[in-house]
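K.L.:
sequence and predicted structure below; questions after.
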Amino acid sequence: MSEGRKVITDNFIGELFSVDVEEAGTICERLERIAYSQGEVIVNAGDAADGLYFIEEGQATVYDSKGEPVNEMGAGHYFGEYAILADEPRMSTVKAHGSVVVYRMSNEHFLEVVGQHPKITGRMLKQVYGQISDKHTKLVTLTRKSRGLMWSPTDKKDHKLSSILLTYLPTLAIFIAVFCAAPHIDGAPVWWQLLPLVFLMAFTLRTKRVVEGMLLTVILLAGMMYRGNFLVGFGEMMVEGIGNSDTAETIVIMAMVESVAALLAASGIVTAFKKLAHKYIKHKRGSLFGMLLIMIVVCLDECLNVVTAGCCLNDISDEQKIPREAKALLGSFSTAICAIIPFSLWSAYISGWVSMYVANGGNIYLNSMLFNLAGIFALLFAFMLCFGILPRTKQIKEAYKRVAEGGTPWPEDSEQYFENRDVDGVVGKPINLFLPMLVWAVSSVVCGVIRNDGAFAIDAISGLIITLIFMFALYVSQRIMTPKLFFETFASGIGNALMPILLLVFAERIAACLEELGSVELLETVIPKIVGNNLFLVPALLFVIFTLICIGLGSCWGTFGLAIPITIFLSVRLGLNVPLCLGAILAAGIVGEALCPYMDESSPVVTSIGCEPHAYRRIRFRYWLPLAGLCMVGYLILGIVFI
């Protein structure tokens, strides 16, 4: 019977050993239940094998013969079979990470079962070796929480028919009304011009699905512009958008950068930085500084950097009694850090978007970094946190008190979010990150200068092609990957880019159609009426408007798709400082996503650091709201100085 066992059930044992349920029940009756507390040794490297262990509850850390952590295991994992089958001492030490419950199968019992089912031996040995080559895919999966497109809590619920009808019947009614009674564009009232934006916000707030909302908004716009012939119009609109050379170039950059990020993840950078961290970090302050440094170094991707930093340092910070809440706060600054580093996926996306609407977009984007106050203030907050001078909220104080009194480093109900931290396996080297990043930076600039006859510019595509060729030679020569695995990982990276690419295309089409409907010209007349002759208020106004839009959409990337063309158009028409206004909306995207209340469970901070989502939300809000206020004041001052 499986009574008392929720994970290591009769069915689990039956599938593992390929036996029927009755025999599996007999095997389970002989398993010994053992409980361990935080830090207790389950098995020691060098000891003789004493059984096969199945984890029922909790997390365990695997250490190599040098005492360095190399893996994490959770409920449903098992270990110890190799030492029994090979009749050799154990190669690793396994310690409890928090409270752990295991079921032990003695050597004699295990060999008895194997003797009755000889095929198990080969299958289990194959699985031992197969686990290593599969580890990198878990990190890739963890970093696929791409740019605000993650699943939301509503995805876990079974939708009732009434809920579906409540969402789609009003949508259908709006579409029918638009398709049947769309006024001519030239004589359209003001509310008509704003209908697409209102629909997008309402649908996204209702469903928390930004890409679906944007797709339906494009279809709605096709109906508004083509009426009954909307299907043909929709097709023409999409072909026009994808066929645009600037859009196509941005899509290529997005796909290639995601591939580079996937290859870096597969190269074992988590293991590499974990070894460095255990070697050099000895003090409490060093743990937080180490996390911040990793987030800066792994700046290519805002998900990859926080995943790497979290997974590398969790065991160290737990031993040093640093609460996960403090690490979660530091992790919340990951996007902002990437936003002010030129050679990041974030920068590649935004510079590509800006280049679609204005000449010399790359340089304009670089100048806008100086005005991205959210990135600047977030980096300042991060350093203050590491130095211990950032004021502590009540929640952070209670977390430190809980840990000091012997409690767990993580808040209550966080254990279920440790599950995705098993991301090690490939033994990497820091040089396998630094060299590709250096090659990308140098080759992008050199190719840009050559392409522009000596003038400074960045040629991202040429730089990425050179970087990918270099990474192939580097990783294959070190036998980190086979050529087959390299190209499979490359292809998976392109797959990771699909949702952001769809978002880019839909957002670009929405912006283009809004301009054709006259919505942008409407804003050109409305904003001066709001601010009067005080045009210095425009950056602060843009920051507030697009922060609220981003909170509603739950995606900074969807917000940028709408905000960038509108902001550039308004800045040029009104004679404003383009980099300043661009910096304001980029800050709005960062702040809006940080203040979005319904994206917590999908956040890579939650899954890599292991912090209960509601606790993480409260921490974020209490620090990001003051940061938003500082940005608001900053844009008022910058508006006075530069406009």
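P.N.:
All right, it came through fine. Since this is a predicted model, take the numbers as computed values, not measurements. Numbers count the residues shown, from 1 in each chain.

K.L.:
low pLDDT regions in the stretch 151-300 of the chain?
P.N.:
Scanning the stretch 151-300 of the chain for pLDDT under 70 picks out the ranges 151-160, 182, 184-188, 190.

K.L.:
so which residues of it form helices?
P.N.:
For the stretch 151-300 of the chain, the helices defined by DSSP state H, counting those that start in this stretch cover 161-181, 190-207, 210-226, 230-243, 245-266, 269-280, 284-297.

K.L.:
quick check: angle from the longest one to helix 230-243?
P.N.:
Going back to what we said before, that points to helix 245-266. Between helix 245-266 and helix 230-243, the angle comes out at 70 degrees (axes from the mean of the first three to the mean of the last three Cα atoms, to 10 degrees).

K.L.:
equivalent analysis for the last one, please.
P.N.:
For helix 284-297 against helix 230-243, the angle by the same axes, to 10 degrees is 100 degrees.

K.L.:
likewise for the first one?
P.N.:
Angle between the axes of helix 161-181 and helix 230-243 is 90 degrees (criterion: the same axes, to 10 degrees).

K.L.:
output the contacting helices and strands for helix 161-181.
P.N.:
Contact here means 3 or more Cβ pairs under 8 Å, 6 or more residues apart in numbering; DSSP states H and E; on that basis helix 161-181 packs against helix 190-207, helix 210-226. Where C-beta positions appear, they are placed from N, C-alpha and C, glycine not excepted.

K.L.:
between these, which gets nearest to Glu236?
P.N.:
Closest approach to Glu236 among those (Cβ to Cβ): helix 210-226, 8.4 Å.

K.L.:
off-centre distance for that closest one?
P.N.:
27 Å (Cα atoms, centre = their mean, to the nearest Å).

K.L.:
and what of stretch 587-596?
P.N.:
Stretch 587-596 sits 14 Å away from the centroid of its parent chain (Cα atoms, centre = their mean).

K.L.:
got the buried residues for that stretch?
P.N.:
587-596 (16 or more other Cβ atoms under 10 Å).

K.L.:
state the mean pLDDT of that stretch.
P.N.:
In this model, stretch 587-596 carries a mean pLDDT of 92.

K.L.:
tell me who's in contact with the nearest residue to Arg451 once chain neighbours are set aside.
P.N.:
Of all residues not flanking Arg451 in the chain, Asp459 sits nearest, at 5.2 Å (Cβ to Cβ, 6 or more residues apart in numbering). Shown in contact with Asp459 (Cβ atoms under 8 Å, 6 or more residues apart in numbering): 444, 447-448, 450-451.

K.L.:
ramachandran angles for Asp459?
P.N.:
phi -110, psi 90 (degrees, to the nearest 10).

K.L.:
go on, Tyr103?
P.N.:
The phi/psi pair for Tyr103 (degrees, to the nearest 10) is phi -120, psi 130.

K.L.:
wait, it touches Phe54, no?
P.N.:
Yes - taking Cβ atoms under 8 Å as the definition, Tyr103 is a contact partner of Phe54 at 4.6 Å.

K.L.:
more neighbours, those two?
P.N.:
Shown here are Tyr103 and Phe54; by other Cβ atoms under 10 Å, Phe54 has more neighbours (24 against 21).

K.L.:
am I right that that one sits in a strand?
P.N.:
Yes - Phe54: assigned to a strand according to DSSP: H, G, I helix; E, B strand; the rest coil.

K.L.:
need the pLDDT of it.
P.N.:
At Phe54, pLDDT is 93.

K.L.:
OK, contacts around it?
P.N.:
7-8, 12, 31, 77-78, 102-105.

K.L.:
who wins on neighbours among those?
P.N.:
That'd be Val102 among the contacts of Phe54, by other Cβ under 10 Å, with 28 neighbours.

K.L.:
follow-up on the earlier one: so how far is Ala181 from the residue nearest to Arg451?
P.N.:
49 Å (Cβ to Cβ, to the nearest Å).
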